[in-house]
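# Got a predicted structure plus its sequence, pasted below:
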Protein chains: 2
Amino acid sequence: MLDPLSSLPGYVLSRAAAASLAELNKRLGKIGLRHSDVSLLILVKANPGLTQSDAGKLLDIQRANMVPLVSRLLDQSLISKEPVDGRSQGLLLTAKGKKLLRAAQAVIDDHEVRLQQSIPEHLRPHLLPILHALWDSSRTGSD
Amino acid sequence: MLDPLSSLPGYVLSRAAAASLAELNKRLGKIGLRHSDVSLLILVKANPGLTQSDAGKLLDIQRANMVPLVSRLLDQSLISKEPVDGRSQGLLLTAKGKKLLRAAQAVIDDHEVRLQQSIPEHLRPHLLPILHALWDSSRTGSD
DNA sequence: TCTGCATTGCTATTGCCAATAGCATTTCTT
DNA sequence: AAGAAATGCTATTGGCAATAGCAATGCAGA
């Protein structure tokens, strides 16, 4: 059975990402989170008080799609909102959020270590540069 | 604004894949196809008469989810079905499918070349090995 | 200062894709 | 022949991105 796809970097990139995300979500599911939740929690921890609009810009999630994400974390009391001005609200980790994030971080760290270790040692230093190059180029897609 | 995420290979992998796919789909949209259509067309071309069940195994798409995909291509007369036995049907490219696939291949080839070229030359040989390593490891996720 | 413009958060809707459960038919195995 | 597996399908669900539009607020230039 010929598989002409697995020699295409673009295809393998998608499959690798999908497989990696699926595995991560499975692990995160055990503590009641999704990868998108965790990325936001991490961002809020690093930038307490940032706006959900700003978070959306960093995560490349549109404002409209940030709403259910933030609501979910709000409903679980993992984050809180503090008014910044009449229209903006800063996001903060609650105590519960900080605690759960520590658990999530352990999952993430393990996941990232796995990814690193799955790669032959001599290629490891090239992992991040290559991924960033791919990311940048597709972001800058002309037309 | 701190971005602790972009130093995580797993995160960058997802973002790179999403950006790459979005760009590809945009280009493919111009000829009326989606990336999933094209992957199936490529597979059918390489393995004429393969079963949609087999295609699903290669593409990692469940039987239930193959149905709308195949139907779409069937509706556009890009592929045809030929009975293999009472339950299986082989998929074949129609003339129209072959023609459109040639256009799609041009888009794919361009896309893949872009990806390659976006990477510093000395890292290029490592692209596919790294992606395959990532893919394999996440497929084999223990638990 | 006021007027026009941009920003923020939101609703509502749509589309793509994956996952699950279940079904009828057909084939394979023993 | 009988039980197990495979094939294609329906129906439904969930996650996530994209678009359009809205009200309230803030901002900047005339």
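Good, I have the coordinates. Numbering: from 1, shown residues only, chains lettered A, B, ... in the order given.

# and the longest helix along chain A with chain B, contact?
Counting by DSSP state H, the longest helix found in chain A is helix A:95-117. Yes - using C-beta under 8 Å from any C-beta of the partner chain, helix A:95-117 reaches chain B at A:108, A:111-112, A:114-117. C-beta coordinates here come from the backbone N, C-alpha and C atoms, glycine included.

# Give me the phi and psi for the residue nearest to the spatial centre of chain A.
Per C-alpha atoms, centre = their mean, the C-alpha nearest to the average position across chain A is that of A:S39, at 3.8 Å. The phi and psi torsions at A:S39 (degrees, to the nearest 10) take the values phi -60, psi -40.

# Can you read off the pLDDT for it?
On the pLDDT scale, A:S39 is placed at 97.

# cool, A:S142 as well?
Here, the pLDDT recorded for A:S142 equals 44.

# List the buried residues in the helix or strand where A:L134 lies.
A:L134 belongs to helix A:124-139 when assigned by DSSP states H and E. Neighbour-count burial for helix A:124-139, counted by 16 or more other C-beta atoms under 10 Å in any protein chain shown, picks out A:124, A:126-128, A:130-135, A:137-138.

# Could you dump those residues into JSON lines with distance to A:L8 and pLDDT added?
Converted to JSON lines, the buried residues of helix A:124-139 look like this (distance: C-beta to C-beta, whole Å; pLDDT from 0 to 100):
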{"residue": "A:R124", "distance to A:L8": "23", "pLDDT": "96"}
{"residue": "A:H126", "distance to A:L8": "19", "pLDDT": "95"}
{"residue": "A:L127", "distance to A:L8": "19", "pLDDT": "96"}
{"residue": "A:L128", "distance to A:L8": "22", "pLDDT": "96"}
{"residue": "A:I130", "distance to A:L8": "16", "pLDDT": "96"}
{"residue": "A:L131", "distance to A:L8": "17", "pLDDT": "96"}
{"residue": "A:H132", "distance to A:L8": "20", "pLDDT": "96"}
{"residue": "A:A133", "distance to A:L8": "17", "pLDDT": "95"}
{"residue": "A:L134", "distance to A:L8": "13", "pLDDT": "95"}
{"residue": "A:W135", "distance to A:L8": "18", "pLDDT": "94"}
{"residue": "A:S137", "distance to A:L8": "15", "pLDDT": "85"}
{"residue": "A:S138", "distance to A:L8": "14", "pLDDT": "82"}
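
# Looking at those, which is nearest DNA strand C?
A:S138 (16.1 Å; C-beta to the nearest atom of the strand).

# which residues sit in contact with that closest one?
B:16, B:19-20, B:22-23, B:115, B:118 (C-beta atoms under 8 Å, 6 or more residues apart in numbering or on different chains).

# do that again at 7 Å, thanks
B:16, B:19-20, B:23 (C-beta atoms under 7 Å, 6 or more residues apart in numbering or on different chains).

# Narrow the residues you listed to those that are buried.
For those, a burial check counting by 16+ other C-beta under 10 Å picks out B:16, B:19-20, B:23.

# from those, which single one is nearest DNA strand D?
The closest of the buried ones among the contacts of A:S138, once distances to DNA strand D are taken by C-beta to the nearest atom of the strand, is B:A19, at 8.9 Å.

# Now, the buried ones among the contacts of A:S138 that are in helices?
Those of the buried ones among the contacts of A:S138 lying in helices (DSSP H): B:16, B:19-20, B:23.

# Kindly reformat those residues as TSV and extend each row with distance to A:V70 and pLDDT.
Shown next, in TSV, are those (distance: C-beta to C-beta, whole Å; pLDDT from 0 to 100):
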residue	distance to A:V70	pLDDT
B:A16	25	96
B:A19	23	95
B:S20	27	96
B:E23	28	94
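
# helix or strand for the residue in chain A positioned nearest to DNA strand D, which one?
As assessed by C-beta to the nearest atom of the strand, DNA strand D sits closest to A:G86 within chain A, at 1.9 Å. Using DSSP H and E, A:G86 sits within no helix or strand.

# what pLDDT does it get?
At A:G86, the model reports a pLDDT of 87.

# Show me where chain A dips below the pLDDT cut-off.
Scanning chain A for pLDDT under 70 picks out the ranges A:141-143.
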